[in-house]
Each structure stands twice: as C-alpha cells, then as structure tokens.
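Trainee: below is the structure, and that's it, no one-letter string:
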DNA sequence: ACATGAGATGAGAAGCTTTTGCATGCAGTT
DNA sequence: AACTGCATGCAAAAGCTTCTCATCTCATGT
C-alpha cells in the first residue's frame, strides 16, 4: 500500500500487537522502543502512527488528556470509557447504544461511518484516586 | 466564591451567555473580546476559563481537534455529537443512552458523576465538506 | 473617601505535544 | 552493483496552554 517494510514500522506494529495495554501514546511507544534497544526518533513514531492511521491499521483517540493515544485496529468496533482522573480506558460494545446513536445522528444531520463514542467517568477502585502511575 | 468581580470575568461570562454558538475556544473568546474593544490578554482568558471550570460555571470539552472548547454550564446535562470534518457540534440528550451508559459504567468499575459522552461522525449537509469556516 | 493587601491582569517566556525541514540512509527495483 | 525515492533522525518550529512576574485592581477596614 505504498509503505515500505522498514525496521521502525515493523517494530511499532509488533509492540502494538503484543502489548497488554491497547492504548498507547506516541511517547509510550517511543519509550518502549528505546527500552527494546531500538534506535529511533520520536518524530518517526509520530510519522509512522499517522501513516498507519491513514492506512486504517491504527486508530487515534484524543481522550481528554491533551495527547493522543493509538490503538491497533483489530476490525471489531468498540467504544471507550475513560477515567478522567487516572486515564484508565476500558473498551465496551453495546448494541442498544449503537442503534440509538445511529438514530440520533441521523436525526441531527450526521452520518456515522467509522465513528467513536467515548464516555468519561471516574474509576471506583482505589488505585485510581492515588495518582496517574496507577495506570 | 473567592473570585473577584472583574471586568475580564464579567465580559467573558457575558459573551458565553449571549453567544449564539455555545461552544467556544479560548481563542474564539479572545478574538471576540478584542473585537468588542476589550484590552485583555489571552492568558487571562485561559485563566478565567479554568477558574470558571473549577467553579462549575463552565464545562471544558476536548473534542478531537487538539484544542479545548468551553461552554456555559446551564445546569441541564446533555451530550454532544461532533463532526470530525468541520467540527460542528450539536447537543442532544437521550434517556435510553443515559440509562445504558450508567449500567455499562457500573459493570466496568466506573462511577459516572458529571460525565460526558461524545459521538464523532460526519455532517451530511454540504457546507461541511467545504472547509472549516462553515461552522 | 482612602489606605491596604490579597488577588487579578497583561505581556512575554516557557512547556508540552505534535509536525516539519533537511541531509543522510535504506528499501526495493533495474 | 547502481539507482531512485521514500524513510529516518535530529533539530527546529508550530500550535495550544500554562507559568512568571511586575503592575494594577477590587474589596475591605478605617
């Protein structure tokens, strides 16, 4: 698809595939790559992620934190619920909401193709309240 | 509530109250204030908005554009649907979704207090496709 | 009214995330 | 093996937001 198979791209895909945590910031990825002994620039991480996004391999989300997080597109649509305190993200999928939001969108003059729905709330469990490292 | 009644604060509230467009960026407000002949700094706009947010007078939203928009808190909860192309925002409120999202949140270990739910889609109407000025 | 002090302001610098410019380097092709 | 063009790293720049600090303003007590 016009993208060469280069070391940085392969490594980034590997991390996105293998990582426990589905939602990673560019900085997260950059740090992980360095720790893995890769010689890579932060700019490249951003560039690759942007290209992957354009190619549909990856989804970018701007949760209310001021930075973007990226997630491998595994083909199955899902929405997100995010803690406004600690940033914890959980994925979910609810047919009732899906139907309802399509209907609302149509009524208000929106078309819902590849869309995203995000709920912001707060974690109930204690690790959250402490600090952001709890993620 | 610990905030003095000063010219910038009053003016900003007036604009938020009077403006047709409910969702304004700090830059928007700043420009409007300058056009209204006010002598004000952008830093003050941000400061005041942040204070208003802390005081519950205003809500801040980080839609997927890279900057924040602010909206007067009129007391009635509502959610947003945003066009990812032109940025148009429409408010809506749906009891079915409200109930459903509370339930999902509880199941996943989240508490939903003052929350927000945002749907991202694309405008159907033509003015959108053109450019961002269509807002 | 007036002095006083805490808090607010404006201008610019700084901070953070993300993007861009440019010389170098590598992938894929001939 | 040579070649072309895209990809990379680094550093600089951009865009939004916050911070610093000297100055000014609001609100209070006299």
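Mentor: That came in fine, so what should we check first? Since we're looking at a predicted model, the values are computed, not measured.
Trainee: regarding chain A, what is its longest strand?
Mentor: In terms of residue count, the longest strand belonging to chain A (DSSP state E) is strand A:110-123.
Trainee: that one to strand B:110-123, inter-axis angle?
Mentor: Relative orientation of strand A:110-123 and strand B:110-123, computed by axes from the mean of the first three to the mean of the last three CA atoms, to 10 degrees: 160 degrees.
Trainee: got the contact list for residue A:91?
Mentor: A:22, A:78-80 (CB atoms under 8 Å, 6 or more residues apart in numbering or on different chains). For glycine as for every other residue, the C-beta is placed from the backbone atoms N, C-alpha and C.
Trainee: now with 6 Å?
Mentor: Residues in contact with residue A:91, defined by CB atoms under 6 Å, 6 or more residues apart in numbering or on different chains, are A:78, A:80.
Trainee: surely it is in a strand?
Mentor: Yes. Assessed by DSSP: H, G, I helix; E, B strand; the rest coil, residue A:91 belongs to a strand.
Trainee: measure the residue sitting furthest away from the middle of chain A to chain B for me?
Mentor: Largest separation from the mean C-alpha position in chain A: residue A:107, at 28.5 Å (CA atoms, centre = their mean). Note on residue A:107: its distance to chain B, by CB to the nearest CB, to the nearest Å, is 8 Å.
Trainee: packing partners of the helix or strand containing residue A:31?
Mentor: Under the criterion of DSSP states H and E, residue A:31 resides in helix A:26-35. For helix A:26-35, the packing partners by 3 or more CB pairs under 6 Å, 6 or more residues apart in numbering or on different chains; DSSP states H and E come out as helix A:42-54.
Trainee: ok, and does the helix it packs on reach over to DNA strand D?
Mentor: Yes. Helix A:42-54 is in contact with DNA strand D by CB under 7 Å from any atom of the strand, via A:43-44, A:47-48, A:51.
Trainee: what packs against that helix?
Mentor: Contacts defined by 3+ CB pairs under 6 Å, 6+ apart place helix A:42-54 against helix A:7-18, helix A:26-35.
Trainee: run the chain-centre distance for the longest one.
Mentor: In terms of CA atoms, centre = their mean, to the nearest Å, the centre of helix A:7-18 is found 15 Å from the chain centre.
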